[in-house]
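Visitor: Generate coordinates for the sequence data below:
(one chain, ligands or ions: 1)
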Amino acid sequence: MPTQSSGEQDTLPATADFLDRLRAFVREHPTKPPRERSGRLAWARAWHAALADARLAAPGWPLDAGGMDLSLAEQIAYHREMTRLRAPKHPSGLMGIVAPTLIKHGTADQKARFLGPMLRADEMWCQGFSEPGAGSDLPALSTRAVRDGDTYVVDGQKVWTSQAHLADWMFALVRTGAPGSRQDGISYLLIPMTAPGVTVRPLRDIAGGTHFAEVFFDAVRVPVANRVGEENGGWAIARTSLGHERATAFLADEFRYRRIVDELAELAVCRGVCDDPYIRQGLAHIEAGVRAVAANSRRALDAVLDDRDPGAAASVNRLVRAEFDQRLHELALRVLGPDAVLGSREPTAPEGGRWTYGYLMSRSSTIGAGTAEIQRNTIAERVLGLPKEYGTDG
Ligand SMILES: Cc1cc2nc3c(=O)[nH]c(=O)nc-3n(C[C@H](O)[C@H](O)[C@H](O)COP(=O)(O)OP(=O)(O)OC[C@H]3O[C@@H](n4cnc5c(N)ncnc54)[C@H](O)[C@@H]3O)c2cc1C
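Guide: Now for the predicted structure:
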């Protein structure tokens, strides 16, 4: 049985029961994905469904939400072990944002309806925040939801919506207040992607895939019961610091990056380029970078354990990670030399083209979920206490 949260960092027994159960689970459900790309999503969904059924998913969620209710120390051990076992990522990555929001602000009916299928990856989710006229300046969003009895009628457009073509549901910010009401007139709505009037138009990304899309709403009817929190109270919900979840998610990233840096060093050895002073210097920088990521994750965790808001450490962490991710992949391409031009569809591409693909996708790490410039503004204003940028109110 999972233990209850203790909040203590050093209470983890050396061989915690859940770690043994995780290893046993992985023996029965191998973590190696199928060779065929087209079968990988269905495989990852089935893997996570089995993990949830075995009560080995969602280490930080409460027991009654289907989670494990592990202490922070245990969650760290969980994420470390999952990285070591090379567990596949949850196919609906944005679950990490909407689930803690529902756990904290959702009604009992919403939790009962959505959390289970979300965790099992039976239902996929996308995030509908950005619009053509509202990215960095999100309070300018204009997709309208007008009340008509027990439903809202939604009209407007979202853009850059990751996984929209796969999603069953969207958690969206919509305008329920008067035009121009900015943060004060925004509600948080759960919109079924299968509802009449929803159109998804895929957008091609830099690597040639269609991971994100434009989403159009034409008189889409959404039950009022699908609103999370109060009408016009959505901004605060979307911005609530979900510190605990965020801090442990950072740790999961830290373990993953540690592994990737080791793999990059191995690649340099295998390619025989370790005598190149430029590569050696690059590897040293990357090693320093991964330690900086780790140190920042610890700061965020420290804040959580100390009952402080990890927001400040979190914004520094996001910027450090985003820029580190790009440097890491730039170095990988240098290590590969001319082979770096072989994309993942080339049978002779080293390691299936993963480094080149990673490089291309890393371009977005300083844009998505808030650009590097906006992160710097946030750090300047909220961490360093510098004067507010003219004209911003977010
Ligand atoms: C791979 C990827 C996936 C994404 N997935 C999603 C998703 O699932 N759901 C979703 O809602 N959105 C998603 N986004 C959108 C993302 O959140 C926005 O791209 C981001 O918020 C920036 O908004 P924008 O593209 O409108 O750029 P803009 O806000 O128009 O910014 C353009 C440029 O101006 C700079 N800038 C803007 N304002 C300032 C300022 N005040 N000070 C200094 N510089 C400034 C920016 O840094 C940027 O360089 C995704 C983006 C990417 C790249």
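Visitor: what residues are up against residue 362?
Guide: Contacts were defined as CB atoms under 8 Å, 6 or more residues apart in numbering; by that measure residue 362 touches 325, 326, 328, 329. C-beta coordinates here come from the backbone N, C-alpha and C atoms, glycine included.
Visitor: Verify the contact between the first one and residue 365 for me.
Guide: Read it as residue 325. Yes - with contact taken as CB atoms under 8 Å, residue 325 and residue 365 are classed as touching, separated by 4.6 Å.
Visitor: Comparing the two, which shows the higher neighbour count?
Guide: A count of neighbours by other CB atoms under 10 Å puts residue 325 above the other of residue 325 and residue 365, at 23 against 17.
Visitor: quick one: which helix or strand includes that one?
Guide: Residue 325 is located in helix 311-336, with elements delineated by DSSP states H and E.
Visitor: what about the most far-flung residue of the chain relative to its centre, distance to residue 90?
Guide: Going by CA atoms, centre = their mean, the residue of the chain most distant from its centre is residue 275, 37.1 Å out. Residue 275 sits 41 Å away from residue 90, going by CB to CB, to the nearest Å.
Visitor: burial of the residue lying closest to residue 88 once chain neighbours are set aside, as a residue count?
Guide: On the basis of CB to CB, 6 or more residues apart in numbering, the spatially nearest residue to residue 88 that is not a chain neighbour turns out to be residue 44, at 4.6 Å. Residue 44 has 20 neighbours, counted by other CB under 10 Å.
Visitor: counting contacts, what elements does the helix or strand containing residue 44 pack onto?
Guide: With elements taken from DSSP H and E, the one containing residue 44 is helix 40-53. With contacts defined as 3 or more CB pairs under 8 Å, 6 or more residues apart in numbering; DSSP states H and E, helix 40-53 has these neighbours: helix 108-119.
Visitor: Could you list the alpha-carbon positions for the helix it packs on in PDB?
Guide: Once side chains and other backbone atoms are set aside, the C-alpha atoms of helix 108-119 remain, and they are given as PDB (Å, rounded to 0.1, in the frame of the first residue of the first chain):
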ATOM      1  CA  ALA A 108     -16.800  16.400  -7.200                       C
ATOM      2  CA  ASP A 109     -18.700  15.500 -10.500                       C
ATOM      3  CA  GLN A 110     -15.800  16.900 -12.600                       C
ATOM      4  CA  LYS A 111     -13.200  14.900 -10.700                       C
ATOM      5  CA  ALA A 112     -15.300  11.700 -10.900                       C
ATOM      6  CA  ARG A 113     -15.900  12.200 -14.600                       C
ATOM      7  CA  PHE A 114     -12.500  13.300 -15.900                       C
ATOM      8  CA  LEU A 115      -9.600  12.200 -13.700                       C
ATOM      9  CA  GLY A 116      -9.800   8.400 -14.200                       C
ATOM     10  CA  PRO A 117     -10.000   8.400 -18.100                       C
ATOM     11  CA  MET A 118      -7.300  11.100 -18.200                       C
ATOM     12  CA  LEU A 119      -4.900   9.100 -16.100                       C
END
